[in-house]
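Peer 1: sequence first, predicted model second:
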Amino acid sequence: MRPIVIIANTPTANTYALREAVARGAQQSTVPIQVLSPLEANSFHILQSSAVIVGTTENFGYMSGALKDFFERIYYPCLESTQGLPVALYVRAGNDGTGTVQSVTRILTGLRWKLIQEPLVFKGAWQPEFLKNAEELGEAVALGVELGVF
Ligand SMILES: Cc1cc2nc3c(=O)[nH]c(=O)nc-3n(C[C@H](O)[C@H](O)[C@H](O)COP(=O)(O)O)c2cc1C
């Protein structure tokens, strides 16, 4: 079975914990998962994936530089053959998140990937519940892939 690829930058303990929670949720299904930083991920990971979960911090009102670099590297190599790829997005933002959601979804629209749920924005002061929501996100994507609903 093609893996679900989880791509997220993790500059802090909280953001690392978020990515771990997403992976833990995704492990509730039989679908294999790959967890990568945006700097490690490349077009080959995407071309052989069943779905992608993208996570980023909001920095200066935009996605992380690492995630932007990822999209710049994979955009044209993936454009022809990944249309309709299921994708979910989560953002960790100190206080906003809007600019990041807009900038990432614009790229996802350009790639013609299929956003399978509303982007999840974990904003403001850190809340322990964020981890539960992140785990649920991973589980929802993995079960959807397993059941073939996307
Ligand atoms: C250089 C830099 C720029 C940031 N810019 C924004 C921003 O524009 N909007 C925002 O909501 N948070 C911003 N933040 C806060 C980060 O999104 C937040 O610290 C990060 O997601 C890590 O979350 P944590 O403190 O819970 O570990 C910025 C942080 C850094 C280091």
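Peer 2: Arrived safely. Numbering: from 1, shown residues only.
Peer 1: all helices of this structure, in order?
Peer 2: 13-26, 43-47, 65-79, 98-111, 129-147 (DSSP state H).
Peer 1: so for the ligand, which of the ones you listed sits nearest?
Peer 2: With Cβ to the nearest ligand atom as the criterion, the ligand lies closest to helix 13-26 of these, at 3.4 Å. The C-beta positions use only the backbone N, C-alpha and C, and glycine is treated the same way.
Peer 1: what does the protein put close to the ligand?
Peer 2: 12, 14-15, 57-61, 92-97, 126 (Cβ under 6 Å from any ligand atom).
Peer 1: and residue 18, how many neighbours?
Peer 2: 27 (other Cβ atoms under 10 Å).
Peer 1: pretty sure it is touching residue 135, no?
Peer 2: No: under the criterion of Cβ atoms under 8 Å, residue 18 makes no contact with residue 135, lying 9.5 Å away.
Peer 1: any idea of the pLDDT on the residue lying closest to residue 143 once chain neighbours are set aside?
Peer 2: Sequence neighbours aside, residue 29 is the residue nearest to residue 143 in space, at 5.4 Å (criterion: Cβ to Cβ, 6 or more residues apart in numbering). Per-residue confidence (pLDDT) for residue 29: 96.
Peer 1: circling back: turn the helices of the chain into TSV, including mean pLDDT.
Peer 2: Below are those laid out as TSV (pLDDT from 0 to 100):
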stretch	mean pLDDT
helix 13-26	98
helix 43-47	98
helix 65-79	98
helix 98-111	98
helix 129-147	98
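Peer 1: okay then, goodbye and thanks.
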